[in-house]
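1. 3D, please:
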Amino acid sequence: MEILTRPLRALARPVLLLLLALAWRPLAIAADADTLEFAVKGAYLTKFGLYVEWPPGVFAAPASPLVLCVVGDDPFGAALDSAVGREQVDGHPLQLRRLKSLTREAGCHVAYVGAAEAPRGAEALRGVLTVGEARSGGVISFVIKDNRVRFTVDDEAAARNGLQISSKLLNMALSVKPRPGKEGH
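-> Just a heads-up that it's a prediction; the model follows:
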């Protein structure tokens, strides 16, 4: 009997390690997918400002920073820090701020409002491009369609915030809620 159990014991550890590795693989793949998703969303956040006409007086000076805020929980981490890097939007260097809540005094131009903050954070704020997840309110909402990060635009909300969204960005959107008096997308 000892002769039979010794080879089984010798196989038990490698088999156990293999089973553990296979069990952890889906978790690692899911973590990689989340990391990639938020890296793509972060890249979008740094570029949205290129397609927005801001109301007069939003920038204190011609070269003052365009402030990108993450409000509430930060799903981006270091990926957004590196995406912001030395980026500029129409001569305005990007500046990143992380906030617990969004207020008029925060000085944000683009504000990603986390899901937990969405009910109170996506209200109309003059001169602020609010961005969030699907059905969170705000001007731009991220959605996942066919395993790709896409977005919708609420041009009516943009009008309330005093923003003019470029037709280029509107054409890239999955859908557009038009501002009053304009045809749909």
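2. so what's the residue nearest the centre of the chain up against?
-> By C-alpha atoms, centre = their mean, the chain has its centre lying nearest to residue 41, at 3.9 Å. Residues in contact with residue 41 (C-beta atoms under 8 Å, 6 or more residues apart in numbering) are 76, 112, 142, 149. To be clear about C-beta, it is placed using only N, CA and C from the backbone, and glycine gets the same treatment.
3. rerun that using 7 Å as the cut-off
-> Applying C-beta atoms under 7 Å, 6 or more residues apart in numbering to residue 41 gives the contacts 142, 149.
4. what ranges do the strands span in the protein?
-> 52-53, 66-71, 88-89, 92-99, 110-113, 129-133, 140-145, 148-154, 164-165, 176-177 (DSSP state E).
5. ok, the fifth one: who's next to it in the sheet?
-> Sheet pairing of strand 110-113 (DSSP bridges) gives strand 66-71 (parallel), strand 129-133 (parallel).
6. contacts for it next, please.
-> With C-beta under 7 Å, 6+ apart, strand 110-113 has contacts from 45, 48-49, 68-72, 102, 121-122, 128-132, 136, 138.
7. quick check: mean pLDDT of stretch 44-59?
-> Across stretch 44-59, pLDDT averages out at 95.
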